[in-house]
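[1] Mind folding the following:
(one chain, ligands or ions: 1)
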Amino acid sequence: MKVLAVNAGSSSLKYQLIDYDTKRVLAKGLCERIGIDGHLVHKRGDVTFDANVAMPTHKEAMEAVFAALTDVDHGVIKSLSEVDAAGHRVAHGGDFKTSVLVTPETMARLESLIELAPLHNGPEINCIKSCIELMGADVPQVAVFDTSFHQTMPAEAFLYALPYEYYEKYAVRRYGFHGTSHRYVAARAAELMGKPLSELKLVTCHLGNGSSITAVDGGVSVDTSMGFTPGAGLPMGTRCGDIDPFILGFLQDKLGLSHAEVDEVLNKKSGMLGISGVSSDFRDVEAEADRGNTRAQEALDVFCYHVSKLIGSYAAAMGGIDGIVFTAGVGENDARVRLAACKRLGFLGAHVAEAVNAGVHGEEKVISTADSTVKVLVIPTNEEIMIASDTVALANGESLA
Ligand code: ADP
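    The predicted structure is shown next:
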């Protein structure tokens with residue numbers, strides 16, 4: 001079965017065409033600058049094709065993807081009819097507990113969720129609609145939510161201490177994001193540890209440009225650091241993460257900023273970039289810290305401190321911890337962050353083997369010492385294979401519940 005996994009952002013669209021029977025990626029690529037001008041990079045094995053293609057909306061981007069996939073030179077299929085189903089990453093799934101087949105009913109629910117995450121859900125829904133139009137209404141389309149893995153959180157973890165009516169009337173609560181990634185690495189960690197997932201207490205750390213940490217107890221999410229929006233929790237590349245909520249009003253009054261301007265500061269000018277004044281990219285911040293830039297070092301220290309604190313708090317939330325998993329751009333590649341984040345965790349029984357850790361970049365590996373009672377692992381995430389696997393299951397009429 002050939003499945004197209006689509007991961008759309010506000011101005012970008014990543015895709016992979018996966019042969020699910022062999023789990024082989026037949027082709028993958030990226031559309032960028034959607035709504036501005038449009039650029040496509042398409043890869044088939046070692047062959048890369050790249051072109052400027054007008055993409056006023058995500059529909060033209062999807063058309064460009066299908067044109068690349070069926071191209072006589074760099075394509076991998078003869079016609080679109082060879083694609084059996086498409087799976088779409090959707091950031092905000094509200095109270096959807098699993099991935100769902102897109103039907104007129106589920107589409108109406110998806111549209112009602114746009115107001116919770118307009119920057120993400122809007123373009124993602126446009127991609128689903130474009131695929132229905134371009135592939136035909138009988139080809140299964142599946143929505144895979146960043147939030148659904150976290151729907152198992154108990155009320156004590158997801159309720160905010162706000163007037164209860166805001167939760168009841170407006171669904172203001174912690175949702176959590178990156179669920180597909182946390183779900184994938186938790187399952188993979190259990191395989192690597194040789195134990196049933198149902199018996200493990202894991203803390204999964206998805207550290208990238210956007211970062212979140214999840215407590216996975218017996219295979220289900222019981223707490224996670226992102227909240228009502230993906231701006232909560234850890235400091236990130238440019239997002240502030242958790243801050244005192246009254247800072248917002250203070251800044252509005254003090255600097256005469258509008259609500260939108262404060263949002264822009266918290267989303268785009270904070271995090272690693274805000275503290276360091278250098279960059280949102282950990283590689284740049286580390287290079288500057290090595291040159292003696294103290295603010296760059298402080299940004300790294302703040303980030304690692306918060307990662308440690310969250311891991312410790314989730315060990316408390318679960319009443320124990322068997323494993324810590326690092327994934328995503330920073331988690332998979334940045335040995336320095338992994339070491340610094342774990343250095344306070346010896347009291348829990350987590351000890352990183354420094355020499356092993358230093359050599360691990362983007363590969364599956366246990367990086368804890370032999371006598372560490374908590375296993376520390378690096379596991380590259382693979383959200384696309386999870387999207388494909390849910391899509392295949394639902395397209396075949398299986399239930400995911
Ligand atoms: P996104 O949240 O955009 O999906 P990624 O998970 O791709 O982000 O992570 C991107 C981030 O990973 C970059 O901003 C960079 O800071 C970090 N990163 C990537 N490679 C390395 C590396 N070799 N060393 C340190 N950091 C890295």
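
[2] Read off the pLDDT value for D50.
    Predicted confidence (pLDDT) for D50: 94.

[3] residues in contact with the closest residue to the ligand within the stretch 101-250 of the chain?
    Across the stretch 101-250 of the chain, no residue is closer to the ligand than G208, which sits at 2.4 Å (Cβ to the nearest ligand atom). Where C-beta positions appear, they are placed from N, C-alpha and C, glycine not excepted. Taking Cβ atoms under 8 Å, 6 or more residues apart in numbering as the definition of contact, the neighbours of G208 are 237, 328-331.

[4] Pull up the residues of the chain that are close to the ligand.
    The interface of the chain toward the ligand, taken as Cβ under 6 Å from any ligand atom, is made up of 208-210, 237, 281-283, 328-330, 333-334.

[5] Can you tell me which of those residues lies closest to E191?
    Within the residues of the chain next to the ligand, proximity to E191 (Cβ to Cβ) peaks at A328, which comes in at 19.0 Å.

[6] Tell me how far that closest one lies from I379.
    A328 sits at a distance of 10 Å from I379 (criterion: Cβ to Cβ, to the nearest Å).

[7] Identify the residue nearest the residue in the stretch 251-400 of the chain positioned nearest to the ligand in space, chain neighbours excluded?
    The minimum distance from the stretch 251-400 of the chain to the ligand, using Cβ to the nearest ligand atom, falls at G329 (2.0 Å). Using Cβ to Cβ, 6 or more residues apart in numbering and skipping residues adjacent in sequence, the residue nearest G329 is G208, 4.1 Å away.

[8] returning to that earlier point: kindly give a single ChimeraX line that selects the buried subset of the residues of the chain next to the ligand.
    To isolate the buried ones among those in ChimeraX, judged by 16 or more other Cβ atoms under 10 Å, type:
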select :208,209,210,237,282,328,329,330,333,334
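
[9] where exactly do the strands run in this protein?
    Taking DSSP state E to define them, one finds strands in the chain at 2-8, 13-19, 24-32, 39-44, 47-52, 85-90, 100-101, 141-145, 201-207, 211-217, 220-224, 323-327, 365-366, 375-378.

[10] Which one, of those, ends up nearest to L310?
    Each of the strands of the chain was checked against L310 via Cβ to Cβ, and the shortest separation belongs to strand 211-217, namely 4.5 Å.

[11] ok, V203 touching G320?
    No: no contact is recorded between V203 and G320 when judged using Cβ atoms under 8 Å, the distance being 10.7 Å.
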